[in-house]
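Participant: One predicted model, sequence on top.
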Amino acid sequence: MSIIDVRNIAYDYAKKDDEGKEVESVRALDGVSMEVNTGEFIAVLGHNGSGKSTFAKHLNALLVPSEGSVYICGMDTSDTANTLEVRKSAGMVFQNPDNQMVASVVDEEVGFGPENMGVPTEEILKRVEDALNAVGMYAYKDSSPTRLSGGQKQRIAIAGILAMRPKCIVADEPTAMLDPKGRADVLRVLHMLNKEQNVTVILITHNMEEVIDADRVFVMEGGKVVMNGTPGEVFSDVEAVQKLRLDVPEVTKLAFELKKKGLPLKNGILTREEFVRELKVLKNMSGI
Amino acid sequence: MFKDITLGQYYPADSVIHRLDPRVKLLGTIVYIASLFIGKTFFTFIPIAAFLVMVVILSKVPVSFILKGIKPIIPLLIISAAFNLILTPGDSVIVKFWIITINWEGVFMAIFIILRLLFLVAGTSILTLTTTPTRLTDGIEKGLRFLVPLKVPVHEIAMMMSIALRFIPILTEEADKIKKAQMARGADFESGNLMKRVRAMIPLLVPLFVSAFRRAGDLAMAMEARCYHGSEGRTKMKLLVYSGRDFAAYGVIFGYLAIVIIMRVFGL
Amino acid sequence: MELKTQNLTYEYDTGTSYAKKAIEDVNLVISDNEFIGLIGHTGSGKSTLIQHLNGLLKATSGHVYWNGNDIFSEGFDRREFRGHVGLVFQYPEYQLFGTDVLKDVCFGPKNLGLSEEEAKVRAKEALALVGIDEKLFKSSPFELSGGQKRRVAIAGVLAMRPDILILDEPTAGLDPKGRDEILDSVSAIRRETGNTVILVSHSMDDVAEYVDRVIVINKGRIEFDGIPRDIFSRIEELEEMGLSAPAISYIMRDLKDAGFNVGDGALTVKEAADKILDNFRRGHV
């Protein structure tokens, strides 16, 4: 059974004028489907306004579809009786690290989710310890979140979700406000959880470099999924991706440029290692 | 200017005061405030000062931290001292000019009021400096639980307080940033008459409110996503259980209260 | 026009055990028509430094000179000076407050003492430079998209017609589309006004593509100050400071290590492609 099963959903919201009267209905999602299996690392790519954040909120029952249905671990999110169970199964990390923290001490912050779930005290303490160790922040358990860097705060936010022991983490642009180091740390933690604890990860992002190591990529535009496949497949069409005003990794751009100028390189080169390897093959063939 | 506000700031340290049950500290603070108003003479500042010094030393909070909290209330101190200096009736006139008379009673009253306010701010700041907002609100939630049957939303009040305290440092930092950004656009917050200064605050306050609402919306969503649904079925990570030192602290607090009351009764 | 710093040092919590030097002994000269990239990791002191450049912070020791005058000397008009050295903070959209876009952008010029009309002229000119359509002038700034808000905020500083424009991570948190729009606006500003721009950025790729001079700050000190080509060839030293070089620099280094004769100095995709193709062509001759 797939852990996430999104069946042809649409989401409309009402645009209101100053007096609160409904002016028009805007379709933010339009015919989106997605099936995700346990243990996958999925990236959802798109620029602001593409519908990717609206989509993410559907996976946590923060929003329910206007048409179609979303099943998380077999539970229909539209049924309010399932809401809490859905949120326990699919935890969500948001973009702004400051705005998602409730408590003023790190360990209390991580314990907030389990407290809401009614987990017994002893068990909460254990979960908080495990979660903080998993993200490498145990040493900060008594600190105040205000004193941490953005990347550290985001790792705390991830620990706060982990302590709820979810099957799946939905991270909605968790790195958008971070510096390169914080960005790398957060990504490392997400990949580690995916590999070592078999947590399914849905990473919403607009940063290409973060997508390269995903199992599958969904590209969204105008509320629809316009491309999907492995990173190599998606990026093999550099011009199509650029037309969506999304970035392509520099190395992919370079390979594409060389190909245009006549070097017979393969499509969708994503890493430096791959690029150098391919060029070496060419070099040997041409006998330089 | 905003960075000086220590209200609601927590100073992490490992001290007896930090470890005390928040209910003890809450009651202690209430007793301390009451003692300031029970005392009518300068002599009462002796036990008050002794009590405060003891608590500060035990709390391991640097004195500079507590003094920093006093800085923002200096204008208030000056205003209330001035009023008392001028308005206190008395016969021992020192100087008299125009319609203003200053007498010794006024001088004493002004000093008395300044001392009282200083002790008030310094003492109450200890509560938040040594208690995390979560513990504090836990203390309020549990300490006020007897009000639940009266349909008082104790959990909700406690949660609101906790979040407000959590966001004070974030919003003060933000206010500082916005102030600097507007100064970079030539804004002038420091000169002009009162009206002009109030008007100059608009470019600071509007963005600050917008930001506070945006943050509130974000936080509400994040809380919901983490299964928050009120107090029903909620457990606690850190339980409040009285230990020996809490009972000892209650003893000290009531002993202190007794001393202050006795001094009042004997007119000291 | 010349902005100069002399032995600039700024210390936090002077006299206490927390005392920490945010910047130390900074000497810089910034002149006309430069495009400068300022890089340094979080906490390196770059934010502190730029706040000194327009007089928002006063150095613990050292001086800032504007056309030879010390900006903290008696009688120096710092408010007017801030109109010459425009500073756009990180996430500048959080400073918007006006009831409409045009009024918000007029705030800066009006603070400089200009008339309503003159302020409007400047505001419209600045909004045009950042590519905000006239149709949006009467909209509330809070109804715009993230990228638009930020461009309006930049226009708010630009409308003061600064000689030097400092942008603190202007693309932070934006998607590629928003980022490109901002960087295009910055290029347009450079082209139309010829003003000096200082771009504070974490993106080495952006810095490599746009600027003519790179200043690297580490632990409060200026480590490097020179042309991008030279500075980005020092990959190891940059990494020691918690920074990196542009992606292309790494690719070219790997190619060199693998025995390709691609030379030094390529920083952009185009430069790199030319060098690689060159390598293959020469091989055939």
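Facilitator: The structure has been received and is ready for your questions. Computed from a prediction, not measured in an experiment: that's the story for all the values here.
Participant: Where does the stretch 1-150 of chain C get nearest to chain A, which residue?
Facilitator: Residue of the stretch 1-150 of chain C nearest chain A, by Cβ to the nearest Cβ: residue C:42 (4.7 Å). C-beta here means a position set from N, CA and C on the backbone, and glycine is covered the same way.
Participant: Residue B:242 - nearest residue in space that isn't next to it in sequence?
Facilitator: The shortest distance from residue B:242 to any non-neighbouring residue, by Cβ to Cβ, 6 or more residues apart in numbering or on different chains, is to residue B:21 (5.7 Å).
Participant: Can you report phi and psi for residue A:91?
Facilitator: With angles defined as degrees, to the nearest 10, residue A:91 sits at phi -80, psi 160.
Participant: need the contact list for it.
Facilitator: A:60, A:113, A:161, A:162, A:164, A:166, A:168, A:169, A:170, B:225, B:226 (Cβ atoms under 8 Å, 6 or more residues apart in numbering or on different chains).
Participant: ok, the closest residue to it other than its chain neighbours - how many residues close by?
Facilitator: Take residue A:91 and drop its neighbours on the chain: the residue closest to it by Cβ to Cβ, 6+ apart is residue A:161, 3.4 Å away. By other Cβ atoms under 10 Å in any protein chain shown, the residues close to residue A:161 number 26.
Participant: for the contacts of residue A:91, which one is nearest chain C?
Facilitator: Closest approach between the contacts of residue A:91 and chain C, by Cβ to the nearest Cβ: residue A:170, at 18.5 Å.
Participant: Check the burial of the closest one by counting its neighbours.
Facilitator: 29.
Participant: List the contacts of the strand or helix carrying it.
Facilitator: In this assignment (DSSP states H and E), residue A:170 forms part of strand A:168-172. Strand A:168-172 is contacted from outside by A:3-4, A:36, A:53, A:56-57, A:59-60, A:72, A:89-95, A:158, A:161-162, A:190, A:193, A:199-204, using Cβ under 8 Å, 6+ apart.
Participant: can you do 7 Å?
Facilitator: A:3-4, A:53, A:56, A:59-60, A:89-95, A:161, A:190, A:199-204 (Cβ atoms under 7 Å, 6 or more residues apart in numbering or on different chains).
Participant: Report the contact partners of the residue lying closest to residue B:157 once chain neighbours are set aside.
Facilitator: Using Cβ to Cβ, 6+ apart and skipping the chain neighbours, the partner closest in space to residue B:157 is residue B:140 (7.3 Å). Counting by Cβ under 7 Å, 6+ apart, residue B:140 makes contact with B:26, B:158, B:161.
Participant: a strand runs through residue A:38, doesn't it?
Facilitator: No - read with DSSP: H, G, I helix; E, B strand; the rest coil, residue A:38 is coil and lies in no strand.
Participant: Around it, how many other residues sit close by?
Facilitator: Neighbours of residue A:38 (other Cβ under 10 Å): 14.
Participant: Close to chain C: what parts of the stretch 101-250 of chain A are there?
Facilitator: Residues of the stretch 101-250 of chain A lying close to chain C (Cβ under 7 Å from any Cβ of the partner chain) are A:149, A:176, A:177, A:179, A:180, A:181, A:206, A:245, A:246, A:247, A:250.
Participant: The first one and residue A:182 touch, don't they?
Facilitator: Yes - with contacts defined as Cβ atoms under 7 Å, residue A:149 counts as touching residue A:182 at a distance of 6.0 Å.
Participant: okay, these two: which has more neighbours?
Facilitator: Each of residue A:149 and residue A:182 has its neighbours counted (other Cβ under 10 Å); residue A:182 has more, 21 against 16.
Participant: Next, the more buried one: phi, psi?
Facilitator: Dihedral angles (degrees, to the nearest 10) for residue A:182: phi -60, psi -40.
Participant: Not counting sequence-adjacent ones, nearest residue to it?
Facilitator: Using Cβ to Cβ, 6+ apart and skipping residues adjacent in sequence, the residue nearest residue A:182 is residue A:151, 2.3 Å away.
Participant: ok, now how distant is residue B:216 from chain A?
Facilitator: Separation of residue B:216 from chain A (Cβ to the nearest Cβ, to the nearest Å) stands at 9 Å.
Participant: rewinding a little: can you tell me which of the residues of the stretch 101-250 of chain A next to chain C lies closest to chain B?
Facilitator: So of these, ranked by how close each gets to chain B (Cβ to the nearest Cβ), first place is residue A:177, at 12.0 Å.
Participant: about what we covered before: out of the residues of the stretch 101-250 of chain A next to chain C, grab the one that's most surrounded.
Facilitator: In those, the most neighbours by other Cβ under 10 Å go to residue A:206, 26 neighbours.
Participant: mind checking pLDDT for the closest residue to that one other than its chain neighbours?
Facilitator: Distance criterion Cβ to Cβ, 6+ apart; nearest residue to residue A:206, sequence neighbours excluded, is residue C:175 at 4.0 Å. With respect to pLDDT, residue C:175 has a value of 88.
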